[in-house]
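[1] A structural model of the following input is requested.
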Amino acid sequence: MIYVVNDVAAVPNGGGVYSILEDFYMDILKNDHENKWFFILAGNFFPESDNVKIIVRNDLKKSKFKKMIFESFTGRKFINKLNPDVYISLQNLMTYGVQASKKIVYLHQPIPFENEKSFSFLRRREIKLAVYQKLIGRLIKKSIHDIKPTVIVQTYWMKKATIEQCHIDEKYIIVRHPKINVDNENKIYHGNGKCFFYPASSFLYKNHEVISKAISILNKNKVNNFQVDFTLDKSQLNIESNNVNYIGHKSREYIMKKYETDVLIFPSYIESFGLPLVEAAVKGDIILASDTNFSHELLRKYDNTYLFRYNDAKELSRLMEMVINGDIKASGKKLTIRDNGERLLKTIMNITTGEKDVG
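    Residues are numbered from 1 along each chain as shown. A predicted model of the protein is given here:
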């Protein structure tokens, strides 16, 4: 079979979007030596093989307008020349007119589907997010409604939102959450409550600002004996505080170790999945998280979670102070994962060939 994968949006250092592509591509390279694969990408990011090839279309990455024209009009001719049996979009938006017998979209961008915040074109910091939420989001929903591909989502809240907002039947949607990075060590949280941790990028909706405000409230109340680590460089965030430590990007292994000693603060209010929540829970960590639909879904079976309204710095500061003073302690119980997710290649093969065991 011939598979064509479109993901010109993903580039190195692009966060979770690139991680999805990289894991998927390398899994194919290692485990599928029979099918023919073409990846339409913004660059030659990975090694090729006899059956896995990269087609570079950096022009589509540079121009959003050209990319929209490609997805709506010109892309069909380019893609159909490859004679795909299966067409896969890893970038949420489906391409019109592709003649593949099977079409699949991996819908992992929650911004157009969430209802926590409406971004404004009138606020400078929100313009790009408003464009994605209100304009590109509309195109994503229309393409899914019109083409009716098989839609892979990571959570049930995304499934519900997709059904309601794309106006499609639930038979088109498959829920498969990503594999959780569970190490073989049985060590769980044993910190002293003075160290907090937030592994996240610097996007506005990651909401570092509410942590900054909570720190200011604590300092005004003469509470200073704590530290918050951000996985960012100082240049990425405009927060100055003696209680903040910028540790830069860290490996998954490093982050899993941090859950053993540091309390997770997770104030993000837009997530498709929210992986750190589950990673921390399997380590028995104390979790202070935004009160959102994804938090409720992922942590419904975990009792060491304390939720706060995502923009309520006073409530977050209260919870942080309770942790610092020892009023909130780890229960010693960790989240047990019965279904540890599924590799994307396995999901794709199951959809297209019925093959459940790949590699």
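
[2] Every contact and neighbour count from this point should use C-alpha atoms.
    Fine.

[3] now residue 168, what's its secondary structure?
    Here residue 168 is coil, with the state taken from DSSP: H, G, I helix; E, B strand; the rest coil.

[4] Based on its surroundings, how many neighbours for it?
    Burial of residue 168 is recorded as 17 neighbouring residues (other C-alpha atoms under 10 Å).

[5] Now do the helices in the chain.
    Along the chain, the stretches classed as helices by DSSP state H are 16-31, 58-62, 64-69, 75-80, 127-130, 137-147, 156-166, 208-220, 252-258, 275-281, 293-298, 313-324, 344-352.

[6] how about these, which one is nearest residue 113?
    helix 156-166 (6.1 Å; C-alpha to C-alpha).

[7] shaky segments in this structure?
    Segments of the chain classed as low confidence (criterion: pLDDT under 70) are 181-185, 339-340, 356-359.

[8] what's the domain layout of it?
    Annotated domains of the chain cover 2-179+341-352, 195-324 [automatic domain parsing].

[9] Any idea how many residues pack against the spatially closest residue to residue 247 that is not a sequence neighbour?
    Closest residue to residue 247 apart from its sequence neighbours, by C-alpha to C-alpha, 6 or more residues apart in numbering: residue 231 at 5.3 Å. Residue 231: 18 surrounding residues under other C-alpha under 10 Å.

[10] try residue 220
    10.

[11] Then the one 3 residues further on?
    By the criterion of other C-alpha under 10 Å, residue 223 has 15 neighbours.

[12] For it, which non-adjacent residue is closest in space?
    residue 321 (7.7 Å).

[13] With residue 274 instead?
    residue 294 (7.2 Å).

[14] roughly how far apart are the one you found and residue 88?
    26 Å (C-alpha to C-alpha, to the nearest Å).

[15] just residue 264 next, same as before
    35 Å.

[16] Between those two, which is the more surrounded one?
    Legend: neighbour count by other C-alpha under 10 Å for residue 264 and residue 88, higher for residue 264 (27 against 24).

[17] burial of the residue lying closest to residue 212 once chain neighbours are set aside, as a residue count?
    Distances taken as C-alpha to C-alpha, 6+ apart put residue 239 closest to residue 212, at 6.7 Å, once the chain neighbours are dropped. By other C-alpha under 10 Å, the residues close to residue 239 number 15.

[18] again with residue 117
    Counted with other C-alpha under 10 Å, residue 117 comes out at 11.

[19] which residues of the stretch 101-250 of the chain fall in strands?
    Assignment of strands within the stretch 101-250 of the chain using DSSP state E, counting those that start in this stretch yields the ranges 102-106, 150-153, 173-175, 195-198, 227-230, 244-246.
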